[in-house]
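1. got a predicted structure plus its sequence, pasted below:
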Amino acid sequence: MFISAGPSVFRYWYRSTFDFNYKYTMKFYQQLFENNRRWAEQIKQTSPKFFEELAKEQNPEVLYIGCSDSRVAADQIMGVEPGEVFVHRNIANVVNSNDLNCMSVINYAVVHLKVKYIVVCGHYNCGGVKAAMEPKDLGILNPWLRNIRDVYRHHQEELDAIKDSNERYNRLVELNVEEQCVNVIKTAEVQQSYRQTGYPRVAGWIFDLHTGELIDLKIDFESKLEEIRKVYNLDTGI
């Protein structure tokens with residue numbers, strides 16, 4: 001005989017589950033502050049004036065444009081300290097001229113911080129790139145993922161020729177980084193600053209989650225710049 005659970009049983013189950021999840025989440029939330037206190041104390045012990053110097057100014061050599069994926073922590077994978085890298089992150093490390101957030105970051109990094117390198121870093125197993133490969137309506141994500149789908153369209157012949165789906169996926173991750181590097185080079189700030197000072201240079205990297213290693217795609221910056229200038233020359237000094 002089947003006995004259905006009444007509303008009171010469901011409410012008890014729901015409330016118990018909610019209380020457990022809430023307590024776990026709050027414990028994790030509070031732990032973040034404890035982690036911060038321990039980290040700050042460790043830094044002060046090894047370098048007493050670290051935060052005093054950090055508060056004065058920032059002089060990063062690199063602008064890092066990466067993915068928002070929680071597994072890819074920019075500072076950690078490069079082994080750098082706070083203040084050494086200027087960071088911008090979004091889904092699938094996209095550089096879109098209509099994204100005022102990203103364009104403002106590039107402007108500030110080049111014009112005011114005068115960074116020497118702009119690195120676009122993607123990673124294998126990128127959820128944003130994978131989502132762009134699937135024929136699904138993803139709502140508000142559609143216009144964002146279209147940037148990556150456009151990359152696929154531009155390189156469709158090469159990608160369709162790759163029979164293994166994982167290899168095709170990884171290759172799209174790489175091509176997406178290359179195309180976003182091109183989008184960085186298209187900006188007026190980068191073109192003008194490079195002519196005047198020789199910097200910044202633009203590089204494309206991949207972070208391999210399986211090995212923890214960074215891979216330099218060795219993008220030919222000068223060649224890309226000359227190619228782009230034929231159509232996207234925004235350097236009024238030339």
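-> Structure's in. What do you need? Residues are numbered from 1 along each chain as shown.
2. OK, contacts around the spatially most central residue of the chain?
-> With distances taken as C-alpha atoms, centre = their mean, the chain has G66 as the residue nearest its mean C-alpha position (1.8 Å). Going by C-beta atoms under 8 Å, 6 or more residues apart in numbering, G66 touches 72, 74, 87-89, 93, 120-123, 207. In this view, the C-beta of every residue, glycine as well, is placed from N, C-alpha and C.
3. so, low pLDDT: which residues of the chain?
-> Residue ranges of the chain with pLDDT under 70: 1-20, 236-238.
4. quick one, helices of it?
-> Along the chain, the stretches classed as helices by DSSP state H are 7-46, 50-54, 74-78, 100-107, 127-132, 142-154, 156-160, 165-185, 188-197, 221-232.
5. I215 is nearest to which of the ones you listed?
-> helix 165-185 (8.6 Å; C-beta to C-beta).
6. so which bits of that closest one are buried?
-> 168-185 (16 or more other C-beta atoms under 10 Å).
7. and it, how far from the chain's centre?
-> Centroid separation for helix 165-185 versus its chain: 13 Å, with C-alpha atoms, centre = their mean, to the nearest Å.
8. now that helix and helix 100-107, what's the angle there?
-> Orientation of helix 165-185 against helix 100-107 (axes from the mean of the first three to the mean of the last three C-alpha atoms, to 10 degrees) gives an angle of 60 degrees.
9. so for T211, which of the helices of the chain sits nearest?
-> T211 lies closest to helix 74-78 among the helices of the chain, at 11.2 Å (C-beta to C-beta).
10. neighbouring contacts of that closest one?
-> Contacting residues not belonging to helix 74-78 are listed as 64, 66, 81-82, 84-85, 87, 89, 121, 207, 212, 214 [C-beta under 8 Å, 6+ apart].
11. give the contact list for I106.
-> For I106, the residues meeting the contact criterion (C-beta under 8 Å, 6+ apart) are 63, 88, 95, 118, 184, 187, 189-190.
12. list just the nearest of these to H112.
-> For those, the residue nearest H112 by C-beta to C-beta is E189; the value is 10.2 Å.
13. how many neighbours does the residue nearest to N96 when sequence neighbours are not counted have?
-> In space, and not counting its chain neighbours, N96 is closest to N147: 5.7 Å by C-beta to C-beta, 6 or more residues apart in numbering. Using other C-beta atoms under 10 Å, N147 is surrounded by 21 other residues.
14. please apply the same query to the one 4 residues further on.
-> Applying other C-beta under 10 Å, we find 23 other residues in the vicinity of V151.
15. need the buried ones from the contacts of G66 selected in ChimeraX.
-> In ChimeraX, this line selects whichever of the contacts of G66 come out buried by 16+ other C-beta under 10 Å:
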select :72,74,88,89,93,120,121,122,123,207
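16. give me the distance between I228 and K27.
-> 51 Å (C-beta to C-beta, to the nearest Å).
17. what of Q42?
-> For Q42, the distance to K27 under the criterion C-beta to C-beta works out to 22 Å.
18. one more: Y124?
-> Y124 sits 33 Å away from K27 when distances are taken as C-beta to C-beta.
19. who has more neighbours, those two?
-> Neighbour count, other C-beta under 10 Å: between Y124 and K27, Y124 has more, with 17 against 9.
20. buried residues, stretch 37-50. List them.
-> Under 16+ other C-beta under 10 Å, the buried positions of stretch 37-50 are F50.
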